[in-house]
Structure formats: C-alpha cells, structure tokens
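In: Okay, here's the prediction I keep looking at, along with the sequence it came from:
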Number of protein chains: 2
Amino acid sequence: MSRQPRSAQTRRALIRSAAQTFDEHGYPRAKLTAISAGAGVSTGALHFHFDTKAAVAAAVEDEAARTLHDSARTVRHLTPDPLQALVDTTHVLARQLATDVVARAGYRLNCQSAYRSGPDLRTRWHVCVRELLDRAGEQELLVPGLAAEESATALVGATTGFEVLAREDANWLTPSAVTGLWRSFLPMLAGPGAPQTPEPSGTRTTPRVRRRTAAAQRTASELVR
Amino acid sequence: MSRQPRSAQTRRALIRSAAQTFDEHGYPRAKLTAISAGAGVSTGALHFHFDTKAAVAAAVEDEAARTLHDSARTVRHLTPDPLQALVDTTHVLARQLATDVVARAGYRLNCQSAYRSGPDLRTRWHVCVRELLDRAGEQELLVPGLAAEESATALVGATTGFEVLAREDANWLTPSAVTGLWRSFLPMLAGPGAPQTPEPSGTRTTPRVRRRTAAAQRTASELVR
C-alpha cells in the first residue's frame, strides 16, 4: 500500500473524528488529543495534517460545504420540476444534517460567524431557494402574483429554524417533519398551472442523490492528499 | 430616598449591563468586572445581588421570560381574532427581541440548554401558537381541513429561523420582514369563513401592548428587591 492512500485515509479519519468531537462537545471545548485519539492516530500524525484546531475545523466545514452543495446540485439535475426539486433538496439536506456527522458539524461551524472559514452556507441556501422559485415562476408553476422573495424568505426561515430546533430534538429533521413542512408550504406556492402537484414527501430521486453523492465523495476523497 | 428603591435600581442596572455584556461578547466570555462597571457599581455591589455569573444570567433570563410572556398575554387580551392575535404577537415579540437588550440576551441564554435556567421559551412559544390556531379552528376561521399541528410547526420553525438569522443580520426581525412572513403564511391559514382577513402588518393594538407592558414592568421592578 503506497503512502498516498494511507495519508488520505488518516486525513479522512481525522476530519470525521473532529466532526464527532465538535458535534458532541462544541468547538471551544474540543481537544486535539480527543480528535487524534478518535481517529486512532498520534497527535504527531494530526499535526502532520493540520497545524491548529482552526485548520481541522476549516477542513470539516469545507467537507460539509462540498457534500451539501453536491447534493443540492445533483437533485437539481435529476428533478426537472423546480418546485419538486426544492422539496427534494430540503429532504436530502435534512437527512444529511441528521445522519452525516461531518455535514452536521461543518454546517454548524459555518453558522457561527466566529468559526466560519468559507462562504456562508445559509446565504447560499437562500440563493438556491430563490433560484428554484424563480425557475418555477418562469414556468408558470406558482400561484399567480406570488412574491418570490417573500416566499423564499419564509422558507429559508422555516428550514433554518428546523435545523436549529433539531439541535435539541432530532425529530425536527425527520422525513415526516420535512414532509409536514411542505404540506404547509406547497399550497401557498404551487399554482393551478402546474402539470402535477409536487409530492411533499419527496420523490424517488432522493435516494439516488444520496448514492451518487456518496460515490462522488469517495472519488473526491481519493484525490485529496 | 430609602435603601429599598436604590437597591432595586442597582439590581435593574446590573441586569441590564449583564444583558448588554452577554449580547456583545457571549456568556462564556462575559466578565463580572465588565458587568459591574457597565452598571456603574463596584464588584462588591454586584456580589451583594448575585453570587455568580450564572445567577446574573438567570436573572436576565427570568426578566426576558416575564417581558415576552406578558406581551404575548396582553396581545391575546386586546385582540379578539385569534389569527390576528397570532400575527400581532409575532410583531410585538420580534420588536422586543430587536430593541430590548434584556429580552434579547435572556431569550438567547434560554435557547442554549447549557445556560438555560427557566422553562424552555421556544416550547412555550410553540404552545402559544398551537393554542391560537386551535382557537381559530374552533371559530371556523381556518382553511377547511388544515392540519393545525403542521401549521404550528411550520410557523414555529419560521419564527425561530428569523430570530436566529437576525443574530447576523438585524433585517430579519424588522416589521417589514415579519409582515412579509405573514403575507406568505396567512393565505395558507385564513379560511373563507373569516369575517375579515387578518392584517399581516399587525393592528394598532401592538403599540398599546408595548406601552402596557412597559408600565407593568416599571411597576413590577419597583417590587423587586
């Protein structure tokens, strides 16, 4: 086994262990010794990859941003109906935040301006929601006269709130909670011009997105040192 | 001037200074010396009122809970239409969080389970929203067949998200942002049976609530040691 894949494996294990440590104890209380121990390596090995705790955090955040961004992009490619794509994207992102500790910890680091190292993911999400609503508007799928920015703002508020509330009660990010959110929101968005009413529980593209994204991540992570 | 009012004044000044310090630096970095200096008193005077930083935080949280609770209750008394009461309550609470540093800092301490000392205010808000929706349902003011709990959950998610997003961008809690939220939400809640459509920007009861609550607080604070 050559040195390159081993090194990449260690880096991946450190990012995952750091995410678990941040997720459990919060960034300020996370200790580098706990992160290296969780990855099954020495602190020397950790320092070979990351100079500081902030550098490990930046790597967790970067990995989370890539995962969430890739998922959102894949849903858009797989789902031609922009409203259904919006529904499916929230389901896929909610599941990633609920089940993937790197996505969750990285996203939460990004939410705190003091620890953020990359682009603001909440703002990116707002742009994504707005773009899909605009596309739905161009295709005359929305309720006539709907104010797209107000709807985008309400949706970004609600999804942000669900993620924050899930920090204390995981039920806020379950598929049934997200479906309930869409059962509330879709009637105020989907106009009579839509060929079919979007499905609030998401479509079968969502499991395909997860498989595709996982495969893409495996490929990407092999390329990282 | 007797000792009692002076002592109550000092306590009030300490609570306000503590709220400003928590609001600016966060609870973990807040220093007792900064809190006493902000109130214009010695650290000895601070310790006469509060044993620890946690005790000052609990007093800030307690004061915030009382303010927010009193406002919500007053709106309900002043506004007979339960949907309009729900709209007005969000406007009043958003304004308090935006402009009253004690309400804001106390609410935010309460949002973090590690620092919370009283009842969970987000859960109380969920109960309040659900009760008003149920009352609207009993009066046949809602869209027929509406699932009250799903609507309550969407609303609690959205309002929670707005408060969280306002921590980085105060525009999320302005009257126009809250009005926009209600312009999105009201069409999915208000049924054709309503005698009049609720006003998304709130009614003129909202300034009266602020005056009444302020007066009640002044009276209450005179009674505190």
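Out: Arrived safely, thanks for sending.

In: Write out the residues of chain A neighbouring chain B.
Out: A:28, A:113, A:122, A:143, A:147, A:149-151, A:153-154, A:156-162, A:164-165, A:168, A:172, A:177, A:180-181, A:183-185, A:187-188 (C-beta under 8 Å from any C-beta of the partner chain). Every C-beta, even on glycine, is put in place using the N, C-alpha and C of the backbone.

In: Pick out the residue nearest the middle of chain A.
Out: A:L68 (3.5 Å; C-alpha atoms, centre = their mean).

In: next SSE after the helix or strand containing that one?
Out: Using DSSP states H and E, A:L68 sits within helix A:53-78. Next helix or strand after helix A:53-78 toward the C-terminus (DSSP H and E): helix A:82-99.

In: Tell me which residues are up against the very next helix or strand once past that next one.
Out: Toward the C-terminus, helix A:82-99 is succeeded by helix A:101-111 as the next helix or strand (DSSP H and E). The contact list for helix A:101-111 (C-beta atoms under 8 Å, 6 or more residues apart in numbering or on different chains) reads A:15-16, A:18-20, A:22-23, A:27, A:57, A:60-65, A:67-68, A:96-98, A:115-118, A:120-122, A:163, A:167.

In: now do stretch A:141-158
Out: A:81-83, A:86, A:122, A:125-126, A:129-130, A:133-134, A:136-137, A:181, A:185, A:188-191, A:193-194, B:154, B:157-159, B:161-162, B:165, B:172, B:177, B:180-181, B:183-185, B:187.

In: pLDDT score assigned to the residue nearest to the centre of chain A?
Out: pLDDT for A:L68: 96.

In: now swap in A:L32 and tell me
Out: Predicted confidence (pLDDT) for A:L32: 96.

In: How much space separates it from chain B?
Out: Distance from A:L32 to chain B, counting by C-beta to the nearest C-beta, to the nearest Å: 19 Å.

In: Give me the helices and strands touching the helix holding A:L68, please.
Out: If contacts are counted by 3 or more C-beta pairs under 8 Å, 6 or more residues apart in numbering or on different chains; DSSP states H and E, helix A:53-78 sits against helix A:3-25, helix A:32-38, helix A:82-99, helix A:101-111, helix A:121-138, helix A:205-223.

In: Report the angle between it and helix A:101-111.
Out: 110 degrees (axes from the mean of the first three to the mean of the last three C-alpha atoms, to 10 degrees).

In: Name the residues of helix A:53-78 that are buried.
Out: A:53, A:56-72, A:74-76, A:78 (16 or more other C-beta atoms under 10 Å in any protein chain shown).

In: Report the buried members of the residues of chain A next to chain B.
Out: Among these, those buried by neighbour count (16+ other C-beta under 10 Å) are A:122, A:143, A:150-151, A:153-154, A:156-162, A:164-165, A:172, A:177, A:180-181, A:183-185, A:188.

In: Take those residues and keep only those in helices.
Out: Mapping these onto helices (DSSP state H) picks out A:122, A:150-151, A:153-154, A:156-162, A:164-165, A:177, A:180-181, A:183-185, A:188.

In: residues touching A:F50, list them.
Out: A:L14, A:V56, A:A59.

In: Show me what counts as buried in stretch A:118-130.
Out: In stretch A:118-130, counting by 16+ other C-beta under 10 Å, buried: A:L121, A:R122, A:R124, A:W125, A:H126, A:C128, A:V129, A:R130.

In: Can you read off the pLDDT for the residue lying closest to the fifth one once chain neighbours are set aside?
Out: Spelled out, that is A:H126. Closest residue in space to A:H126, ignoring its immediate chain neighbours: A:V156 at 4.8 Å, by C-beta to C-beta, 6 or more residues apart in numbering or on different chains. Predicted confidence (pLDDT) for A:V156: 97.

In: before we move on, what about A:L223?
Out: The score at A:L223 is 40. That number is its pLDDT.

In: just A:T197 next, same as before
Out: We have a pLDDT of 84 for A:T197.

In: can I assume it sits in a helix?
Out: No - applying DSSP: H, G, I helix; E, B strand; the rest coil, one finds A:T197 to be coil, outside a helix.

In: low-scoring stretches of chain A, by residue?
Out: By pLDDT under 70, the low-scoring segments of chain A are A:1-4, A:204-225.

In: if I look at A:L173, how far off is A:A94?
Out: For A:L173, the distance to A:A94 (C-beta to C-beta, to the nearest Å) stands at 5 Å.

In: Correction: the previous question concerned A:A194.
Out: In this view, A:A194 and A:A94 are 23 Å apart by C-beta to C-beta.

In: Which one's more surrounded, these two?
Out: Each of A:A194 and A:A94 has its neighbours counted (other C-beta atoms under 10 Å in any protein chain shown); A:A94 has more, 22 against 19.

In: can I assume A:L173 is in contact with A:L97?
Out: Yes - counting by C-beta atoms under 8 Å, A:L173 does reach A:L97; the two are 5.9 Å apart.

In: Now do the shared contacts for those two.
Out: A:E163, A:A166.

In: and A:S71, how far is that from A:Q96?
Out: Taking C-beta to C-beta, one finds A:S71 at 6 Å from A:Q96.

In: cool, and A:F48?
Out: For A:F48 relative to A:Q96 (C-beta to C-beta), the value is 29 Å.

In: Which one of the two is surrounded by more residues?
Out: Legend: neighbour count by other C-beta under 10 Å for A:F48 and A:Q96, higher for A:Q96 (22 against 14).

In: For chain B, see how far away the residue lying closest to that one once chain neighbours are set aside is.
Out: Of all residues not flanking A:Q96 in the chain, A:A103 sits nearest, at 4.4 Å (C-beta to C-beta, 6+ apart). Distance of A:A103 to chain B, given as C-beta to the nearest C-beta: 19 Å.

In: A:A103: neighbouring residues, count only.
Out: By other C-beta under 10 Å, 23 other residues sit near A:A103.

In: For the closest residue in space to A:D81 that isn't next to it in sequence, which residues are in contact?
Out: Closest residue to A:D81 apart from its sequence neighbours, by C-beta to C-beta, 6+ apart: A:P198 at 6.5 Å. If you count contacts by C-beta under 8 Å, 6+ apart, A:P198 has them with A:D81, A:L83, A:Q84, A:V87, A:W182, A:L186, A:A190.
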